[in-house]
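Novice: below is the structure, and that's it, no one-letter string:
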């Protein structure tokens with residue numbers, strides 16, 4: 001399987017909310033088809049296998065994802081929850097979730113798309129109702145809208161990931177400083 005989804009946030013629900021990237025600018029959608037949704041569920045580790053999804057499953061997942069993002073944003077900013085977002089996440093979390101089974105090879109979790117989505121919704125409930133709430137941060141890259149759990153020493157992490165955003169921002173700042181120094185030297 002080609003792993004092309006990103007997992008920087010420290011929790012599957014936060015990574016799920018980040019499947020719509022660059023929300024303020026480009027709005028890059030990663031859940032563009034049933035097979036991309038299935039790939040996300042497996043790559044994230046939420047399940048080991050998922051039965052085939054339909055377009056309706058993608059639409060439902062995107063609706064829950066947007067509700068999760070709205071709740072994460074509200075919690076992070078200390079604002080009241082949107083009632084519709086709350087109902088969407090709680091409704092998905094109430095459905096049967098993926099159930100791990102013990103096999104001769106070890107733990108195995110196969111699920112339907114609805115069960116996988118219920119598992120993600122339950123993760124959202126846990127992270128938003130748990131002890132990690134004070135550690136929720138939005139990436140310092142102005143183009144990135146990922147929210148992650150900052151478990152760094154001193155809670156001083158600035159980026160969702162150095163590979164994805166930190167290096168880009170630091171390289172851009174370095175280029176800007178060099179350009180400024182050249183302009184100052186020439187002038």
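Specialist: Yes, it's here. The structure displayed is predicted, hence computed values, not measured ones.

Novice: make it CA atoms for all contacts and neighbour counts henceforth
Specialist: Noted.

Novice: pretty sure residue 118 sits against residue 97.
Specialist: Yes: with contact defined as C-alpha atoms under 8 Å, residue 118 and residue 97 form a contacting pair (4.9 Å).

Novice: which one's more surrounded, these two?
Specialist: Taking other C-alpha atoms under 10 Å, residue 118 and residue 97 do not tie; residue 118 has more neighbours (24 against 20).

Novice: gap between that one and residue 106?
Specialist: To residue 106, residue 118 is 23 Å away according to C-alpha to C-alpha, to the nearest Å.

Novice: please apply the same query to residue 143.
Specialist: Residue 143 sits 41 Å away from residue 106 when distances are taken as C-alpha to C-alpha.

Novice: which of the two has more neighbours?
Specialist: Set side by side, residue 143 and residue 106 show unequal neighbour counts under other C-alpha under 10 Å, the larger going to residue 143 at 16 against 8.

Novice: secondary structure element holding that one?
Specialist: Under the criterion DSSP states H and E, no helix or strand holds residue 143.

Novice: list phi and psi for it.
Specialist: Listed backbone geometry of residue 143 is phi -90, psi -20, with angles given as degrees, to the nearest 10.

Novice: got the contact list for it?
Specialist: Applying C-alpha atoms under 8 Å, 6 or more residues apart in numbering, we find residue 143 in contact with 22, 23, 24, 25.

Novice: confirm for me that residue 7 is in contact with residue 44.
Specialist: Yes: Residue 7 is in contact with residue 44 according to C-alpha under 8 Å; the separation is 7.1 Å.

Novice: buried ones in stretch 112-132?
Specialist: 112-125, 127-128 (16 or more other C-alpha atoms under 10 Å).

Novice: hmm, I typed the wrong one, I wanted stretch 144-151.
Specialist: Buried positions in stretch 144-151, judged by neighbour count with 16+ other C-alpha under 10 Å: 144, 145, 146, 147, 148, 149, 150.

Novice: which stretches in the protein count as helices?
Specialist: Across the chain, reading from the start of the chain, the helices by DSSP state H fall at 12-17, 34-43, 55-77, 83-94, 113-128, 167-186.

Novice: ranking the ones you listed by burial, who's on top?
Specialist: The highest average neighbour count among the helices of the chain, using mean count of other C-alpha atoms under 10 Å, belongs to helix 12-17 at a mean of 25.

Novice: neighbouring contacts of that helix?
Specialist: Outside of helix 12-17, the residues that reach it under the criterion C-alpha under 8 Å, 6+ apart are 6-9, 44, 46, 65-66, 68-69, 120-121, 123-124, 127, 146-148.
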